[in-house]
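>>> Whatever this is, show me its structure:
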Amino acid sequence: MARTAPIQLQPSRSSPTRTHQDATSAIDALVEVAGKDGKKVVVGGQSMGAMFSVVYRASDPPPAVIGKVLTSPGGFLDMLPPTAPVLKAITPSLEKSKSLEASGKAKEKTRFAEGNVVGEKSVEESYVTTPEVFLSFHDTSRFPSVREAPTQNKLPVFWATGTRDPVGNVKRPTFDMMPTNAASAYLEPEADHNSVMTVVLPPVIEWLKARAAEVKG
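Numbers count the residues shown, from 1 in each chain. Here you go, the predicted model:
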């Protein structure tokens with residue numbers, strides 16, 4: 001009997017040390033291990049983790065992956081208007097990281113500023129990483145296109161974004177960019193960027209049970 005196993009894609013903000021290519025390879029390895037054990041996998045994440053889940057193998061999901069759970073997707077950089085707070089926050093860091101890379105310091109750690117969302121507010125944060133890692137997640141010429149990924153999606157998706165989430169480009173219109181799938185679900189509960197995870201936990205569980213039942217059947 002097939003079993004389902006959740007794999008959460010949530011890059012660390014404290015001191016990330018791996019590129020998005022590294023993260024993809026790590027998830028591939030975990031999915032392969034789960035598949036060999038007869039398990040089916042649902043990948044998912046919160047905020048930037050949800051964004052990474054959107055682009056993870058969008059057009060070529062491994063056979064063991066049967067769905068994705070996305071709560072408060074964020075970081076859709078190639079879909080943001082130029083005036084978006086997060087773009088204003090990261091632009092100096094992008095310029096800094098590219099300059100360091102050009103001078104041969106791509107793997108030297110330094111501090112970068114970045115935009116984030118806490119509750120209902122956009123805030124600026126900073127963390128230490130290398131230009132190589134920073135650019136792999138924030139340079140839209142290097143990170144897989146988040147604009148294209150939804151249109152390429154081949155899996156059922158559970159997508160939840162709170163009504164009070166200030167990230168405006170990741171709500172129903174973006175969900176609707178995905179090919180229609182009867183097993184997909186979109187929820188927009190009364191919640192902010194962070195609290196939505198708790199609010200939608202019961203429906204997420206029911207959605208996962210339905211995916212498991214489909215596999216069993």
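>>> any idea how far L155 is from I66?
7 Å (C-beta to C-beta, to the nearest Å). Bear in mind the C-beta positions are built from the backbone N, C-alpha and C, glycine included.
>>> Looking at those two, which has the bigger crowd around it?
Set I66 next to L155 and count neighbours by other C-beta atoms under 10 Å: I66 wins out with 22 against 19.
>>> Show me which helix or strand of the protein is least confident by mean pLDDT.
Across the helices and strands of the chain, mean pLDDT, DSSP states H and E gives its lowest value to strand 3-8, namely a mean of 46.
>>> which stretches of this structure have low pLDDT?
1-15, 217 (pLDDT under 70).
>>> just the helices in it please.
Applying DSSP state H to the chain gives helices spanning 20-36, 48-55, 85-102, 131-138, 149-152, 172-175, 196-199, 201-216.
>>> Quickly compare those helices and say which is most buried.
Mean neighbours per residue, mean count of other C-beta atoms under 10 Å, is largest over the helices of the chain for helix 48-55, with a mean of 25.
>>> to the chain's geometric centre, what's the distance from that helix?
Computed by C-alpha atoms, centre = their mean, to the nearest Å, the chain-centroid distance of helix 48-55 equals 1 Å.
>>> From P81, how far off is P131?
Taking C-beta to C-beta, one finds P131 at 26 Å from P81.
>>> Isn't G75 up against V146?
Yes - using C-beta atoms under 8 Å, G75 is in contact with V146, at 7.4 Å.
>>> what residues are up against the closest residue to S136 other than its chain neighbours?
Once flanking residues are discounted, S136 sits nearest to T19: 3.7 Å by C-beta to C-beta, 6 or more residues apart in numbering. The contact partners of T19, taken as C-beta atoms under 8 Å, 6 or more residues apart in numbering, are 132-133, 136-137.
>>> Look up how far D28 lies from T19.
Going from T19 to D28 by C-beta to C-beta gives 14 Å.
>>> Run through the residues that contact the spatially closest residue to G162 that is not a sequence neighbour.
Spatially, and ignoring its direct neighbours in sequence, G162 is nearest to A191 (3.3 Å; C-beta to C-beta, 6+ apart). A191 sits next to 162-165, 198-200 when contact means C-beta under 8 Å, 6+ apart.
>>> Let me know the closest of those residues to G104.
D165 (40.2 Å; C-beta to C-beta).
>>> and the closest residue to that closest one other than its chain neighbours, what is it in contact with?
Leaving aside its chain neighbours, D165 sits nearest to H193 (4.6 Å; criterion: C-beta to C-beta, 6+ apart). By C-beta under 8 Å, 6+ apart, the residues touching H193 are 47, 72, 74, 117-120, 162, 164-167.
>>> and the residue most central in space within the chain, what does it touch?
The residue lying closest to the centre of the chain (C-alpha atoms, centre = their mean) is M51, at 2.2 Å. By C-beta under 8 Å, 6+ apart, the contact list for M51 reads 45, 73-76, 146.
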